[in-house]
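[1] Please work out how this folds:
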Amino acid sequence: MGLSEAELRAALPHALHAVDLPDLGPKRQGKVREIYEHGDRLFLITTDRISAFDRVLGVIPFKGQVLTQLSAWWFEQTRDILPNHLVAVPDPNVMAVRRAEPLPVEVIVRGYITGVTRTSLWTLYARGERRPYGIPLPDGLQKNDPLPHPIITPTTKAPSGAHDEILTREEILSRGLMSRDLWERIEAAALALFARGQKQAREAGLILVDTKYEFGLIDGELALIDELHTPDSSRFWLAETYARGREPESYDKEFIRAWLAARGYWGDGEPPALPDELIVAVAARYIAVYERLTGQPFLPGAQPAATRIARHLQGFREHEARATGRAL
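    Prediction:
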């Protein structure tokens, strides 16, 4: 399974930088997504752009397809825990989702103490902080150790270009960001989702280290939104390389962060260009995560992506119109 290095290199010139679909409706652009509004649907088009340290650094071929299809797969695996916003995947790069009211707090669940950035849990702990971000931790932990139990770190959902603020449970409630009942439901759902993710990762020879969840309200009911357990929103280690005191292989975006950090780049100034061999290595890891978790071979959609996306979305809209009796 997987694509060969030659196939990944050949795909580099065709990576999806952006999509322009003027007939589809208003467009919002995030770091890696183009979001089109159309009726009561949103079309989340995940490009191949890769970001780290709040910067877009380049493109990774097939990354958008992996994130879209892996998220959709996970949404189906976790519907018994919490409803989500997914409607359909009309194209390998596109999720059609229901509109949701995003909640102002995102949730990070951590199972291990790790990280390479100056603000990571491990960096702060190694400096002597035993309550980083208000999280009480025991003495004696080593880098990449499992935590005594999964830890929830809530953060604000900062606007583009700004850094998220890490919150405590008490701050969420005292600021009136949400009710106690809603927050307790979110905590329970996040821990259940993480437990499911860790179990399925172990069965696939991976370790789910930590992950980010985003929640919203659909018709007033709590729902899971955004993406789920992908190499962009989560950290995965290759289980066979994991051992205490040894650096495990990263199969996620941390692979790029570590490469940048090793060259002294922490987000300030102009980042070094990502060499082709690094881009190919990241693409291979993203595809490997998809194939290990789903047990399915990765079959990329045909190029050119923008033309394919427009055609598939038109077909989806026509199908929805026939099914509902109204234009979409």
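[2] All the strands of the stretch 201-328 of the chain, residue numbers only.
    206-218, 221-225, 234-238 (DSSP state E, counting those that start in this stretch).
[3] from those, which stretch is densest packed?
    strand 234-238 (a mean of 24; mean count of other Cβ atoms under 10 Å). Heads up, the C-betas are built off the backbone N, CA and C, glycines and all.
[4] what mean pLDDT does that strand have?
    Mean per-residue pLDDT for strand 234-238: 97.
[5] I'd guessed residue 166 sits against residue 154; true?
    Yes. The pair residue 166 and residue 154 passes the contact test of Cβ atoms under 8 Å, sitting 7.3 Å apart.
[6] hang on, the earlier thing: mind putting the strands of the stretch 201-328 of the chain into TSV with distance to residue 246?
    Shown next, in TSV, are the strands of the stretch 201-328 of the chain (distance: least, Cβ to Cβ, whole Å):
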stretch	distance to residue 246
strand 206-218	13
strand 221-225	34
strand 234-238	11
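[7] For residue 94, which of those strands is the nearest?
    strand 221-225 (15.6 Å; Cβ to Cβ).
[8] Pull the distance from that closest one to the chain's centre.
    16 Å (Cα atoms, centre = their mean, to the nearest Å).
[9] I'd say residue 36 and residue 29 touch.
    No. Contact criterion Cβ under 8 Å: residue 36 and residue 29 do not qualify, at 10.2 Å.
[10] These two - which one has more neighbours?
    For the pair residue 36 and residue 29, the greater number of neighbours falls to residue 36 (21 against 14), based on other Cβ atoms under 10 Å.
[11] Run through the residues that contact that one.
    By Cβ atoms under 8 Å, 6 or more residues apart in numbering, residue 36 lies in contact with 21, 24, 25, 26, 27, 42, 43, 45.
[12] May I see these arranged in CSV, with neighbour count as well?
    Below are the contacts of residue 36 laid out as CSV (neighbours: other Cβ atoms under 10 Å):
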residue, neighbour count
21, 17
24, 19
25, 14
26, 8
27, 15
42, 21
43, 27
45, 27
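[13] Tell me which of residue 166 and residue 154 has more neighbours.
    Comparing residue 166 with residue 154 by neighbour count (other Cβ under 10 Å), the higher total belongs to residue 154, at 24 against 16.
[14] Strand 206-218 and the helix or strand harbouring the more buried one, what's the angle between them?
    Element membership for residue 154 (DSSP states H and E) is strand 146-156. Between strand 146-156 and strand 206-218, the angle comes out at 30 degrees (axes from the mean of the first three to the mean of the last three Cα atoms, to 10 degrees).
[15] Can you name the residues in contact with the following helix or strand past strand 146-156?
    For strand 146-156, the succeeding helix or strand toward the C-terminus, using DSSP H and E, is helix 169-174. Residues outside helix 169-174 that contact it (Cβ under 8 Å, 6+ apart): 105, 154, 177, 178, 180, 183, 187.
[16] Could I get the pLDDT score of the fourth one?
    I take that to be residue 178. In this model, residue 178 carries a pLDDT of 93.
[17] Show me the shaky parts of the stretch 201-328 of the chain.
    Confidence mapping of the stretch 201-328 of the chain against pLDDT under 70 gives the ranges 303, 326-328.
[18] Break down it into its helices, ranges please.
    For the stretch 201-328 of the chain, the helices defined by DSSP state H, counting those that start in this stretch cover 254-262, 276-294, 305-324.
[19] what about residue 77, distance to residue 112?
    Distance of residue 77 to residue 112, given as Cβ to Cβ, to the nearest Å: 22 Å.
[20] So which of the two has more stuff around it?
    Remark: of residue 77 and residue 112, residue 112 carries more neighbours, 23 against 17, as counted by other Cβ under 10 Å.
[21] roughly how far apart are the residue nearest to the more buried one when sequence neighbours are not counted and residue 254?
    Counting by Cβ to Cβ, 6 or more residues apart in numbering, residue 209 is the residue found nearest to residue 112 once chain neighbours are left out, at 4.8 Å. Residue 209 sits 8 Å away from residue 254, going by Cβ to Cβ.
[22] again with residue 301
    27 Å.
[23] ok, residue 137 - contacts?
    By Cβ under 8 Å, 6+ apart, the contact set of residue 137 is 113, 125, 130, 131, 147.
[24] wait, the third one sits on residue 139?
    In other words, residue 130. Yes. Residue 130 is in contact with residue 139 according to Cβ under 8 Å; the separation is 7.0 Å.
[25] Between those two, point out the one with more neighbours.
    Per other Cβ under 10 Å, whichever of residue 130 and residue 139 has more neighbours is residue 130, with 12 against 6.
[26] Okay, the residue most central in space within the chain and residue 226: tell me how far apart.
    Centroid-nearest residue in the chain, with Cα atoms, centre = their mean: residue 233, separated by 2.4 Å. As judged by Cβ to Cβ, residue 233 and residue 226 stand 7 Å apart.
[27] How about residue 240?
    From residue 240 to residue 226 the distance is 30 Å (Cβ to Cβ).
[28] Compare the two (neighbour count), which wins?
    Applying other Cβ under 10 Å to residue 240 and residue 226 shows that residue 226 carries more neighbours, namely 21 against 10.
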